[in-house]
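can't give you the sequence, but here's the structure:
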């Protein structure tokens, strides 16, 4: 007896199912690669600071490290750790030094 006598071909329904499963696996692999690629490209860059309004004038030598916008005021935290509170028009209301 030869090996070809012992093997039988798959029925058409199983061949179709095998094709569907193989296609699904391929699509899932491509989707996973796309998701990982998007995460790497999007999360790899630092988020830019929001632009300060032109009416806000920082004290001499102050560099903004963080900016928070609210309805009626704007808070700027400087690199030196100072907290600057501005009103909506850009007028300095309060300046708190680093503790």
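Noted; the coordinates are in hand. Computed from a prediction, not measured in an experiment: that's the story for all the values here.

now do the helices in this protein.
Along the chain, the stretches classed as helices by DSSP state H are 3-6, 12-43.

just name the most buried of the ones you listed.
Mean neighbour count (mean count of other CB atoms under 10 Å) peaks for helix 12-43 among these, with a mean of 10. Heads up, the C-betas are built off the backbone N, CA and C, glycines and all.

any low-confidence regions in the chain?
Scanning the chain for pLDDT under 70 picks out 1-6, 49.

residues in contact with residue 87?
Contacts for residue 87 (CB atoms under 8 Å, 6 or more residues apart in numbering) come out as 72, 73, 74, 93.

name the nearest of those residues relative to residue 25.
residue 74 (52.7 Å; CB to CB).

who does that closest one form a beta bridge with?
residue 69, residue 86 (DSSP bridges).

residue 58 is in contact with that one, correct?
No: the pair residue 74 / residue 58 is not scored as a contact, 11.3 Å apart, by CB atoms under 8 Å.

with that, I have no additional questions.
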